[in-house]
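In: here are the coordinates; sequence isn't available:
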């Protein structure tokens, strides 16, 4: 016969760590996610106007037109518009991704803090403290757009639900896109 003291002794206390099916303590979060965890507590609350989904989309389309025109010139110069040769397709994809990442990385980390499309719409990219981002962070931000687009564009629609209008790639890289461009 079990007494109440036996039941209480076998009960797991509420403050104990959560365990998996093997009895191992579950980590609070994965190490992969820790890499993208930014210290929002120490970041000041910026008094800025954040860019909307519409403005960011138009800026991206302008940037795409610029990059596609550059890629078209590269296509004419290097590949002589020879689409019948499938050996060049991997080069085309590599050159396209590299050009897009370099374009965004160089211009977002420049003194303008914006690509040409963002400059036209008076937007700029800043970090959590309102400073200019580095080339590595700008390139990583551009590369992480893949994670925003892959789940049926869900990462881009996060802009509508986030009060600071940040998409998934902004959350991953710790950046904001703001309105009201003023050169430094």
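Out: Received, thanks. Please read these numbers as outputs of a predicted model, since none were measured by experiment.
In: which one's the longest helix in this protein?
Out: helix 53-74 (DSSP state H).
In: Show me what it is in contact with.
Out: Under the contact criterion C-beta atoms under 8 Å, 6 or more residues apart in numbering, helix 53-74 has outside partners 95-96, 99-100, 103-104, 115-118, 120-121, 123, 156-157, 159-160, 165, 167, 177, 179. For glycine as for every other residue, the C-beta is placed from the backbone atoms N, C-alpha and C.
In: Inside strands: which ones of the residues you listed?
Out: Taking DSSP state E, the ones among the contacts of helix 53-74 that sit in strands are 123, 177, 179.
In: for the protein, where's the lowest mean pLDDT among helices and strands?
Out: Lowest by mean pLDDT, DSSP states H and E among the helices and strands of the chain is helix 31-35, with a mean of 48.
In: tell me, how many neighbours does residue 82 end up with?
Out: 10 (other C-beta atoms under 10 Å).
In: In three-state terms, label it for me.
Out: Look at residue 82: counting by DSSP: H, G, I helix; E, B strand; the rest coil, its state is coil.
In: Identify the residue spatially nearest to it, adjacent ones excluded.
Out: residue 88 (6.9 Å; C-beta to C-beta, 6 or more residues apart in numbering).
In: Distance of the one you found relative to residue 101?
Out: When distance is defined by C-beta to C-beta, to the nearest Å, residue 88 is 20 Å away from residue 101.
In: any idea which helix or strand carries the residue nearest the centre of the chain?
Out: What sits nearest the mean C-alpha location of the chain, by C-alpha atoms, centre = their mean, is residue 169, with 1.6 Å. Element membership for residue 169 (DSSP states H and E) is helix 168-173.
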